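Asks: Attaching a predicted model along with its sequence, questions to come.
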Amino acid sequence: MKRNLILLAILVVLLSVTWLISEHGEENHRHEVAKDEMVFDPKAQGGLQSLRFGKTELHLKGDQFFVGDKLVPANPYKVEELFVTLDALAAIRKLSKEEVAKLDLQLAFPQSETINISFQTAKGITLFKIGAPIATSPGRFYAMLGDQVMIVHDRKPLPMAYQEDNEADLKFQRLQTIFSIAPDFFYDTRLFKEPVTVLGANFDNPRFKKFSVNFSKLITEPKTYSSLGYDQKEFSAWLQTLISLEAATVLPDYDPKLLKKLRAQLKLKTKDSKQVELSLFSGYGSLKGDFVISSLSPYLFELADNQAGLFFQSLQDFWNLTLNLPSDQLPLVFSSGSRKVELTLKTGKVFEVVTSDSSLSPKRQYLAVLFNLLTGRARYVSDLIDLKYKESFIIKYGNRSFLFATAADEWLIIDSANKLAYHYLRRDYPDLPAKLEDYFGSPE
């Protein structure tokens, strides 16, 4: 028995050693294959300093890339995607001198189609050329590194379905597109390139009175009406939109004198006690659009369409402007004069109106719109001072009572107990009846 245990232990040791040798051997083999397939290793040349293709030049300073002679910061994600494309090119084999002598270099590297990429390293400039696709080998191309001609394979999969015989052409077209991208594509257009914690913001724009937001305490100044709360989701959404704001393009050289009308400003307070100022202008020189200068950058940012809204938040955007009614099942009592109607509005796959009064014929299409108004967000809230409106009917939910009313272009929900009016634009709720009797009638 003891002898069998010793033999078993020896067997386990031998199997473990064999497995380790096998794994180590496979790892060495993978390393050698990867080394053989590598088209160009900048480390062997003292490290990459820059690379050029088309009109684009990327310079490496420390661990960050910059674009062009003006050294505009490059977007790290776009640069990474570029190197993913380069790393996907694997050297299948290098052609011998005899094979090169027999090769028609003008056909293999047609002047009008060949992609030229130059790598600047500590030891000098190395030119890498990607030539014509090899018709008989999908996804493979002629290439030349310095004087060495080789065949490379683009291992990066295509993002769409294709016929196998089209693979080489499609991959070559993709390579041509990537290595002809203009320099400004690589500009880092993010307004916040480093992580930042914003504690507060001061808003200044002509549409609304100046106000501030405290993102630590989730309050505004001026504060809400006493009966209202804050919309915490809006705090988070606005802040996330700000921090991730990325312009459409960057103008590295700009003349401040050519900036048009100042439209709005944001003054931010960050966790490290820094003040960041963003200023929005209506144009630059002959260019129309939304242009921003930041105290964090020497460049001019041109925003894309609909991005400038970030500067035009109103104070009440951060308030909770809902009636806080349940949005799934809503029991209500309507009354107008001597008429009183009790019913329950239910949402689901089908909007339902439940009532115990068989003589009623609720018009669901109108009640559904009214339900959306009651459970939705108002455009704004005001006090009742000097507010002129026409009363329509009363809506009760539990011990709460509201007056449904109309003004010029608005529907109003009057909360008399808290002396507030919730305003909704009529165009957002078209064809909504003002009279209670119009919500009932002939069956649909």
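Replies: Yep, that arrived. Numbers count the residues shown, from 1 in each chain.

Asks: Confidence-wise, which helix or strand of the protein is lowest on average?
Replies: Ranked by mean pLDDT, DSSP states H and E, the weakest helix or strand in the chain is helix 2-37, scoring a mean of 50.

Asks: can you pull the contacts of Phe393?
Replies: For Phe393, the contact set (C-beta atoms under 8 Å, 6 or more residues apart in numbering) comprises 334-336, 403-404, 435-436. Every residue, glycine included, has its C-beta placed from N, CA and C.

Asks: If we use 7 Å, what do you get?
Replies: 334-336, 404, 436 (C-beta atoms under 7 Å, 6 or more residues apart in numbering).

Asks: With Phe66 instead?
Replies: Contacts of Phe66 (C-beta under 7 Å, 6+ apart): 59, 72-74.

Asks: what does Ser227 give?
Replies: Per C-beta under 7 Å, 6+ apart, neighbours of Ser227: 418, 420.

Asks: Just confirm it is within a strand.
Replies: No - counting by DSSP: H, G, I helix; E, B strand; the rest coil, one finds Ser227 to be coil, located in no strand.

Asks: could you flag which of the contacts of Phe393 are buried?
Replies: Buried subset of the contacts of Phe393 (neighbour count, 16 or more other C-beta atoms under 10 Å): 334, 404, 436.

Asks: By neighbours, which of the contacts of Phe66 wins?
Replies: Using other C-beta atoms under 10 Å as the neighbour criterion, Ala74 leads these with 23 neighbours.

Asks: Across the sheet, point out what pairs with the nearest residue to it once chain neighbours are set aside.
Replies: Computed as C-beta to C-beta, 6 or more residues apart in numbering, the closest residue to Ala74 that is not its neighbour in sequence is Phe65, at 4.0 Å. Beta-bridge partners for Phe65, by DSSP bridges, are Leu60.

Asks: Just the local confidence number for Phe65, please.
Replies: As predicted, Phe65 sits at a pLDDT of 96.

Asks: Specify the local secondary structure of Lys349.
Replies: Judged by three-state DSSP, the three-state class of Lys349 is coil.

Asks: residues touching it, list them.
Replies: Lys349 makes no contacts at all, as judged by C-beta under 7 Å, 6+ apart.

Asks: Can you tell me the centre-most residue of the chain?
Replies: Ser244 (7.2 Å; C-alpha atoms, centre = their mean).

Asks: quick one, phi/psi of Ile178?
Replies: phi -60, psi -40 (degrees, to the nearest 10).

Asks: List the beta-bridge partners for the closest residue to Met38 other than its chain neighbours.
Replies: Nearest residue to Met38 in three dimensions, chain neighbours excluded: Ala91, at 6.9 Å (C-beta to C-beta, 6+ apart). Note on Ala91: beta-bridge partners Val152, judged by DSSP bridges.

Asks: can you pull the contacts of Ala91?
Replies: 37-39, 150, 152.

Asks: tell me the contacts of Phe301?
Replies: 189, 191, 247, 250, 291-292, 294.
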